[in-house]
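>>> sharing a model prediction with you, sequence too.
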Amino acid sequence: MKRLRRWAIPVLLAFLMFSCAGCGDSAPVTEDEGGTPPSGSVSAESTPVYSFPSEKEEQSAGYKLGRIYETMEELFEAADSIIIGEVCYQEFYQYEEQRSSYAQVWVEETLYGDQQPQKMLTVCEVGAKFGNGTEGSILQIPLLRKGQRVLLFLFENARLVPPWNNGCAIVGEYQGKFFYNQAENAWYHSGTLGTYADVPEGMRDPISDADMRRLIDSMANQ
């Protein structure tokens, strides 16, 4: 019996060492290596889960639009690029008079323009955090928030305040911003989620992902 025990322990240890060979060898994936958003919500092994705005912003930040874009064609003609991406981070500029909200958007796809996919992009929009802690936007339209998937018509090379310096602005502020509803596989114009906002012709109702892609492709090839 003692002889059996003497042989059993080395055999067990050898078995465990063989079973665990290679455990922990994989290095952590970085942004440059793996090409996945820093938020970690997207991975090769799982289907990403995106959030969708559940309510309006608490307050309306006073701001007058410089131009009303009445059609999707007008938005397209004004845009330097159109991208689909995931919002990974958002914060307000510390000085209230600037009334700016900054978001870090991971570019998944470029539907139009020269923006490179699989990189982070800084996007600025009108938004404010007031002294009482409430947050606001133009006509209470939802701001870009972490976890959302968005389609954006962008002005490139926008001059931003430090520490951001360079980035993009949304065409027509909220007018060039769409939110993805994952359950419906459809895009909602941001203006339909706020209070009495101007919305391009034909965008009052959600548009399927396939139809949105066809629309942008047709405008790009005209």
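All right, it came through fine. Numbers count the residues shown, from 1 in each chain.
>>> quick check, Glu73 in contact with Met219.
Yes. Counting by CB atoms under 8 Å, Met219 is a contact partner of Glu73 at 6.2 Å. The C-beta positions use only the backbone N, C-alpha and C, and glycine is treated the same way.
>>> can I assume Gly202 sits in a helix?
No. Gly202 sits outside any helix when classified using DSSP: H, G, I helix; E, B strand; the rest coil, being coil.
>>> next up, the contacts around it.
In this structure, Gly202 makes contact with Thr71, Met72, judged by CB atoms under 8 Å, 6 or more residues apart in numbering.
>>> same question for Arg214.
Counting by CB under 8 Å, 6+ apart, Arg214 has no contacts.
>>> sticking with it, tell me its helix or strand.
helix 209-220 (DSSP states H and E).
>>> pull out the buried positions in that helix.
Neighbour-count burial for helix 209-220, with 16 or more other CB atoms under 10 Å as criterion, is recorded at Asp209, Met212, Arg213, Leu215, Ile216, Met219.
>>> again, but for stretch 122-142
For stretch 122-142, using 16+ other CB under 10 Å, the buried residues are 122-129, 135-142.
>>> convert that stretch to CSV, retaining C-alpha atoms only.
Output of stretch 122-142 as CSV, limited to C-alpha atoms (Å, rounded to 0.1, in the frame of the first residue of the first chain):
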residue,chain,number,x,y,z
THR,A,122,-12.7,62.3,-30.5
VAL,A,123,-16.2,63.7,-31.3
CYS,A,124,-17.4,67.0,-29.8
GLU,A,125,-21.1,68.1,-29.5
VAL,A,126,-23.0,70.7,-27.6
GLY,A,127,-23.7,69.4,-24.0
ALA,A,128,-23.5,70.7,-20.5
LYS,A,129,-23.3,69.6,-16.9
PHE,A,130,-24.9,72.3,-14.8
GLY,A,131,-24.0,73.5,-11.3
ASN,A,132,-26.8,71.5,-9.7
GLY,A,133,-25.4,68.3,-11.3
THR,A,134,-28.0,67.9,-14.0
GLU,A,135,-26.9,67.4,-17.6
GLY,A,136,-28.4,68.9,-20.7
SER,A,137,-28.2,69.0,-24.5
ILE,A,138,-29.8,70.8,-27.4
LEU,A,139,-33.6,70.1,-27.1
GLN,A,140,-32.8,67.4,-24.6
ILE,A,141,-31.6,65.1,-27.4
PRO,A,142,-29.5,62.2,-26.0
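>>> Ile83 touches Gln116, doesn't it?
No. Applying CB under 8 Å, one finds Ile83 not in contact with Gln116, separated by 9.9 Å.
>>> now for those two: what residues contact both?
Val107, Thr110.
>>> give me the more crowded residue out of these two.
Neighbour comparison, Ile83 and Gln116: the larger count goes to Ile83, with 25 against 9 (by other CB atoms under 10 Å).
>>> buried stuff in the helix or strand harbouring the more buried one?
Counting by DSSP H and E, the element that carries Ile83 is strand 81-92. Buried positions in strand 81-92, judged by neighbour count with 16+ other CB under 10 Å: Ser81, Ile82, Ile83, Ile84, Gly85, Glu86, Val87, Cys88, Tyr89, Gln90, Phe92.
>>> the very next helix or strand once past it packs against which elements?
Using DSSP H and E, the helix or strand that follows strand 81-92 in sequence is strand 100-112. Here strand 100-112 touches strand 81-92, strand 120-129, strand 149-159, helix 209-220, going by 3 or more CB pairs under 8 Å, 6 or more residues apart in numbering; DSSP states H and E.
>>> right, I'll leave it there.
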